[in-house]
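Chemist: sharing a model that was predicted from the sequence below.
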Amino acid sequence: MKKIITYGTYDLLHYGHINLLRRAKALGDYLIVALSTDEFNWNEKQKKCYFSYEKRKSLLEAIRYVDLVIPEESWEQKRSDIKEFKVDTFVIGDDWKGKFDDLKDLCEVVYLPRTPEISTTQIKTDLKMTDKTGGNDD
């Protein structure tokens, strides 16, 4: 069985996330998603999530491509997760290209292209603009 692992926040889940998860799962048989906890997002990434960790976890568990969701609590845990879960391939969006090459001594590292027209940051920005302009007539 070929195991894949990916990491992320997955807040305001959208089709770009689904595309990444689908393509990650296609690389193997079993997909593990390490989901950033609320504390990790706030303390390390200075990100406040709209949905709590538990709600984001429930959403991910409902996706057919995802086999297991584990908490991501630190940047350093990737090496131990790869060893503990006997991971064959580490997958992450190509906006991180080169940042995790140090894991290549443990497993294959794959940077997948992002879905270009969508991001959680863009959604949040668009929602703020809609709020300021009084709505969208679309």
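Modeler: Alright, I've got the coordinates. Numbers count the residues shown, from 1 in each chain.

Chemist: where do the strands sit along this structure?
Modeler: Remark: strands assigned in the chain by DSSP state E are 3-8, 30-36, 68-72, 89-93, 108-112.

Chemist: got these as TSV, with mean pLDDT and mean neighbour count columns?
Modeler: Just so you know, the C-beta spots here come from the backbone N, C-alpha and C atoms, and that holds for glycine as well. Shown next, in TSV, are these (pLDDT from 0 to 100; neighbours: other CB atoms under 10 Å):
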stretch	mean pLDDT	mean neighbour count
strand 3-8	97	22
strand 30-36	98	22
strand 68-72	98	17
strand 89-93	96	21
strand 108-112	97	17
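
Chemist: got CSV for those strands, with distance to residue 128 too?
Modeler: Formatted as CSV, the strands of the chain follow (distance: least, CB to CB, whole Å):
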stretch, distance to residue 128
strand 3-8, 22
strand 30-36, 22
strand 68-72, 27
strand 89-93, 23
strand 108-112, 28
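
Chemist: give the contact list for the nearest residue to residue 4 once chain neighbours are set aside.
Modeler: Take residue 4 and drop its neighbours on the chain: the residue closest to it by CB to CB, 6 or more residues apart in numbering is residue 28, 4.2 Å away. Listed by CB atoms under 8 Å, 6 or more residues apart in numbering, the contact set of residue 28 reads 1-4, 88-89.

Chemist: which stretches of this structure have low pLDDT?
Modeler: 116, 118-121, 123-124, 126-127, 130-138 (pLDDT under 70).

Chemist: for residue 82, what are its contacts?
Modeler: Residue 82 neighbours (CB under 8 Å, 6+ apart): 5, 90, 103, 106-107.

Chemist: and of the residues you listed, the nearest to residue 51?
Modeler: residue 5 (21.7 Å; CB to CB).

Chemist: now the closest one: how far from residue 46?
Modeler: Distance of residue 5 to residue 46, computed by CB to CB, to the nearest Å: 24 Å.
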